[in-house]
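Colleague: Structure for this input, please:
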Amino acid sequence: MEYIDGMETSESTGLPILDQANPERAQLLKPMMKALMAGQHAILNCGVVWFDIAARNIKWLQTTPPEWTSLRAILIDFDSASPLYSEWTRLLVLGSVLSILNSDYGFSGEAINDAVKDVLASDQKLATAFRVTSEHELDLILVPAGY
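Modeller: Residues are numbered from 1 along each chain as shown. Next comes the predicted model:
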């Protein structure tokens, strides 16, 4: 494996701002979400589906601390990738992005749901890329209350 300066796995000290006690942590949710969505969108555009999105398979490139506006997610380990057979799978892939932000990074379901609504409302092209064209479709992928 080649070392790339500035890249760390999220399982190590790669994103110290993610410490639960850090008051600036909430500011990282949208940039992380957008970075993961961009990575998954690029994969989908190649006609590939990849659901093994987990902290262990993400390298974070921090380019402009402390604003974190240029955070990039480098997705790795595609052993479980498969061809994209159905366009509706795009919606499920977006759901997997939201799920990892909750399960692996500890953001609350409420914060994730608010953020994804804001991100998709502000970027209609991204919403269309993931097949989120109605409130009903959005409701299918939101993190359940209480998580």
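
Colleague: where's the residue nearest in space to the middle of the chain, which helix or strand?
Modeller: Closest residue to the average C-alpha location of the chain: Leu36 at 3.1 Å, with C-alpha atoms, centre = their mean. Per DSSP states H and E: Leu36 is located in helix 29-45.

Colleague: which other residues reach that helix?
Modeller: Judged by C-beta atoms under 8 Å, 6 or more residues apart in numbering, the contacts made with helix 29-45 from elsewhere in the structure are 49-50, 53, 58, 60, 68-69, 71-75, 81, 84, 90, 93-94, 96-98, 100-101, 105, 107, 111-112, 115-116, 118-119, 126, 129-130. To be clear about C-beta, it is placed using only N, CA and C from the backbone, and glycine gets the same treatment.

Colleague: one more time with 7 Å, if that's ok
Modeller: Judged by C-beta atoms under 7 Å, 6 or more residues apart in numbering, the contacts made with helix 29-45 from elsewhere in the structure are 50, 68-69, 71-73, 75, 84, 90, 93-94, 97, 101, 107, 111, 115-116, 119, 126, 129.
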